[in-house]
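[1] okay, here's the prediction I keep looking at, along with the sequence it came from:
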Amino acid sequence: MRVVSPLSVVLAGGGTAGHVEPALALADALRRRDPATVITALGTAAGLEARLVPARGYALAEIPRVPLPRRPTPDLLRVPTRVLAAVRRTRGHLDRVDADVVVGFGGYVALPAYLAARRRSTPFVVHEANARAGLANRVGARLTPHVAAAVAGSGLSGAVVLGIPLRAAVAGLDRAAAAGGARAAFGLRPGPVLLVTGGSQGARNLNAAITDAADDLAAAGVQVLHVAGPKQVDAVRGRLTVTSGTTHQVLPYVDRMEFAYAAADLVVCRAGAMTCAELAAVGLPAVYVPLPIGNGEQALNAAPVVRAGGGLLVEDAAFDADYVRTTVLPLLADGERLAAMGTAAAALGHRDADEALADLVLSATRRPA
C-alpha cells in the first residue's frame, strides 16, 4: 500500500493583519480537515507575523523583507537584487519542508514566494483581499491558474470570488445570541451601543470626532465602546467630561473583536479589507471612514456593502463632531434602519471563505478535498 505523506503547505502573507489573519484562518481550516497537515508561514522577524504566527501555533520561516515602491524611486533599482536574495532564501525553505503548495496573500512576502514556487515547479495559489490588487498579486496571478479574490473587480483576470478567510470565532458569530454576555463583559447596560475602532493603533481623527460629540451621545442614551489604540487611550480618556465618562468605555485594544461586534449596534471604523469582510460576515452596519492616504483602496473595499445599503461612507476630512450629531446619532435611534442595514451587510458576507479557499488549495495539489 502506498503511504501518502502529510500535506505540506507554505503560506506567504506578512506585514499587516490584512495579510496575516487570512493566512492563519486558512491554516486553521486545513488543519481541521487533516491535523497532520504541515503548515509553514513565511515572514520577517520585524513583521506582525513574527508575533501572530507563533501565537497561533504555527511555524514561521524568516526571509528578507522586500518592500515594493508604489512609485519610481531610487529604491526601485535595488528591488531586483533584494528579490533575488529573498527568492533564494524562500526556495531553501520550500525544499526544507518539501512544500506541496504555496498560498500567497500579497505583500512583501508573497512575491519571493511566487517566484520560488515557480522555479521549483510547486503549484501556488494567489488570494487577493483588497478591492484593487497589489503588485505582488498582479505578478503572481499571471503565473498560476489558481487565483482567488475577496470581491469582484480586483483586477486579477479569472479570479474566483470567495471572500476573505476569517477566524472561526468571527465567521461563526451569532450576534443576537452573544449580545447580552458581550455587553456585560464590557460593563455596558441595555440601550444602543456604538463601537468605535481605528484598527490596532487607533485613528486620531475618529477619536477626536467621537470625543467632541461624546456629551451629545451620552445625552441621547448612547453607550460608546471606544477602542482608541494603545498610544491614544490616555488622550481619549482625558477629553471626556464627567457626563460622557459614565457612558464611554475606552480601551487601548481588544484581542477578541467578535465580542465587540456582538456588543455593538453600529460601528465607526476605517475600511480595511479585513474590517469590511468581518462586519459583512456578522451583519453589523457601519460608518466607514477610509484612511485618507494610499491609493484609495479602502474606499473601494467599503463600496460594495455601502451600495447594498449595509453601511455609510464618509471621507476622513468630513468626519467630525457635527457628522456624529447629524448622521450617526439619528441612525443609532432608528432600530428598524439598523436592522435593515445589518441584513443588507450580511447578504454580502462570506462566512465560509476559509473552507472555499481550502478547497482551491487542495485542488491545486490534486489531493482530495
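    Yep, that arrived.
[2] buried stuff in whichever strand or helix holds Ala50?
    Using DSSP states H and E, Ala50 sits in helix 49-55. When neighbours are counted by 16 or more other Cβ atoms under 10 Å, the buried residues of helix 49-55 are found to be 49-50, 52-53. For every residue, glycine as well, the C-beta is placed using N, CA and C.
[3] one more: stretch 136-153?
    Buried positions in stretch 136-153, judged by neighbour count with 16+ other Cβ under 10 Å: 136-141, 144, 146-151.
[4] can you pull up the most central residue in the protein?
    Met274 (2.2 Å; Cα atoms, centre = their mean).
[5] that one and Pro330, how far apart?
    Applying Cβ to Cβ, to the nearest Å, the value for Met274 to Pro330 is 29 Å.
[6] distance check, Gly15 against Thr197.
    With Cβ to Cβ as the criterion, Gly15 and Thr197 are 20 Å apart.
[7] one more: Gln249?
    With Cβ to Cβ as the criterion, Gln249 and Thr197 are 12 Å apart.
[8] who has more neighbours out of the two?
    Thr197 (26 against 17; other Cβ atoms under 10 Å).
[9] nearest residue to the more buried one other than its sequence neighbours?
    Of all residues not flanking Thr197 in the chain, Val227 sits nearest, at 4.1 Å (Cβ to Cβ, 6 or more residues apart in numbering).
[10] what's the pLDDT at Pro292?
    Model confidence at Pro292, given as pLDDT, is 87.
[11] check the burial of it by counting its neighbours.
    A count of neighbours around Pro292, defined by other Cβ under 10 Å, yields 13.
[12] what residues go with each domain of the chain?
    Domain assignment of the chain by automatic domain parsing yields the ranges 8-166+351-365, 172-347.
[13] weakest of the ones you listed in terms of mean pLDDT?
    domain 8-166+351-365 (a mean of 90).
[14] all strands for the stretch 201-350 of the chain, in order.
    For the stretch 201-350 of the chain, applying DSSP state E, counting those that start in this stretch gives strands covering 223-227, 248-251, 266-269, 286-288, 311-313.
[15] to Ala303, which of these lies closest?
    strand 311-313 (7.3 Å; Cβ to Cβ).
[16] and the contacts of the closest one?
    Strand 311-313 has contacts (Cβ atoms under 8 Å, 6 or more residues apart in numbering) with 271, 279, 285-288, 290, 299, 302-303, 305-306, 327, 331, 341, 345.
[17] now swap in stretch 22-37 and tell me
    Contacts for stretch 22-37 (Cβ under 8 Å, 6+ apart): 6-9, 11-13, 39, 41, 52-53, 56, 58, 103, 105, 127, 129, 164-168, 274, 353-355, 357-358, 361, 369.
[18] now that stretch, how far from the chain's geometric center?
    Remark: stretch 22-37 is offset 18 Å from the chain centroid, using Cα atoms, centre = their mean, to the nearest Å.
[19] CA atoms only for that stretch, dumped as CSV, please.
    Provided in CSV are the C-alpha atoms of stretch 22-37 (Å, rounded to 0.1, in the frame of the first residue of the first chain):
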residue,chain,number,x,y,z
PRO,A,22,-6.5,35.3,6.3
ALA,A,23,-3.4,33.1,6.0
LEU,A,24,-3.9,31.8,9.6
ALA,A,25,-7.6,31.3,9.0
LEU,A,26,-6.8,29.1,6.0
ALA,A,27,-4.2,27.2,8.1
ASP,A,28,-6.9,26.5,10.7
ALA,A,29,-9.3,25.3,8.0
LEU,A,30,-6.7,22.9,6.6
ARG,A,31,-5.8,21.6,10.0
ARG,A,32,-9.4,20.9,10.8
ARG,A,33,-9.6,18.7,7.7
ASP,A,34,-6.3,16.9,8.5
PRO,A,35,-4.5,17.6,11.7
ALA,A,36,-1.3,16.1,10.2
THR,A,37,-1.1,18.9,7.6
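[20] quick one on the thing from earlier: could the buried residues of helix 49-55 go into JSON lines alongside distance to Ala317?
    JSON lines is the format used below for the buried residues of helix 49-55 (distance: Cβ to Cβ, whole Å):
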{"residue": "Glu49", "distance to Ala317": "33"}
{"residue": "Ala50", "distance to Ala317": "35"}
{"residue": "Leu52", "distance to Ala317": "32"}
{"residue": "Val53", "distance to Ala317": "37"}
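[21] which one of those residues sits closest to Gly158?
    Closest to Gly158 out of the buried residues of helix 49-55 is Glu49 (28.2 Å), distances taken as Cβ to Cβ.
[22] surely that closest one meets Ala61?
    No: counting by Cβ atoms under 8 Å, Glu49 sits too far from Ala61 to count as a contact (10.3 Å).
[23] shared neighbours of the two, anything?
    41, 43.
[24] thinking again about what came up before, my guess is the residue nearest to Thr197 contacts Leu195, does it?
    Yes: between Val227 and Leu195 there is a contact at 7.4 Å, judged by Cβ under 8 Å.
[25] give me the common contacts of those two.
    Joint contacts of Val227 and Leu195 (Cβ under 8 Å, 6+ apart) are Ala260.
[26] for Ser363, see how far away Tyr114 is.
    18 Å.
[27] ok, now how distant is Ser5 from Ala99?
    Going from Ser5 to Ala99 by Cβ to Cβ gives 12 Å.
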